[in-house]
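K.L.:
show me how the following folds:
(one chain, ligands or ions: 1)
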Amino acid sequence: MPKVAILANENGPNLVMVDGKVVAALCRCGHSSKKPFCDGAHHQAGFRAVKAEVTIIE
Ligand code: FES
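P.N.:
Residues are numbered from 1 along each chain as shown. Sure thing, here's the model as predicted:
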């Protein structure tokens, strides 16, 4: 069974990882024009957030 992890990246999106590979970057700043995916708009928006714990679902 694959290992799935969610990593809240510092000042950026929530990264969905499967077996250690990023398979999706989900917007958490609210500024993406491609929601639910991150389009990099968090940089211009000056989004600031702390890195969160990785959650692993096995
Ligand atoms: S987190 Fe990247 S655009 Fe929102």
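K.L.:
give me the beta-bridge partners of the residue nearest the centre of the chain?
P.N.:
Nearest to the mean C-alpha position of the chain, by C-alpha atoms, centre = their mean, lies Asn14 at 1.6 Å. Applying DSSP bridges to Asn14 gives these bridge partners: Ala8, Leu26.
K.L.:
same check on the one 4 residues further on?
P.N.:
For Val18, the beta-bridge partners under DSSP bridges are Val4, Lys21.
K.L.:
right, and it touches Leu7 too?
P.N.:
No - assessed by C-beta atoms under 8 Å, Val18 is found out of contact with Leu7, at 11.9 Å. Heads up, the C-betas are built off the backbone N, CA and C, glycines and all.
K.L.:
pick out whichever of those two has more residues nearby.
P.N.:
Taking neighbours as other C-beta atoms under 10 Å, Val18 and Leu7 compare with Leu7 leading, 18 against 12.
K.L.:
nearest spatial neighbour of that one, chain-adjacent residues omitted?
P.N.:
Residue nearest to Leu7 in three dimensions, not counting chain neighbours: Leu15, with 4.5 Å by C-beta to C-beta, 6 or more residues apart in numbering.
K.L.:
and Cys27, by the same measure?
P.N.:
In space, Cys27 is closest to Cys38, 4.7 Å off (C-beta to C-beta, 6+ apart).
K.L.:
ok, now Gly12?
P.N.:
His42 (5.6 Å).
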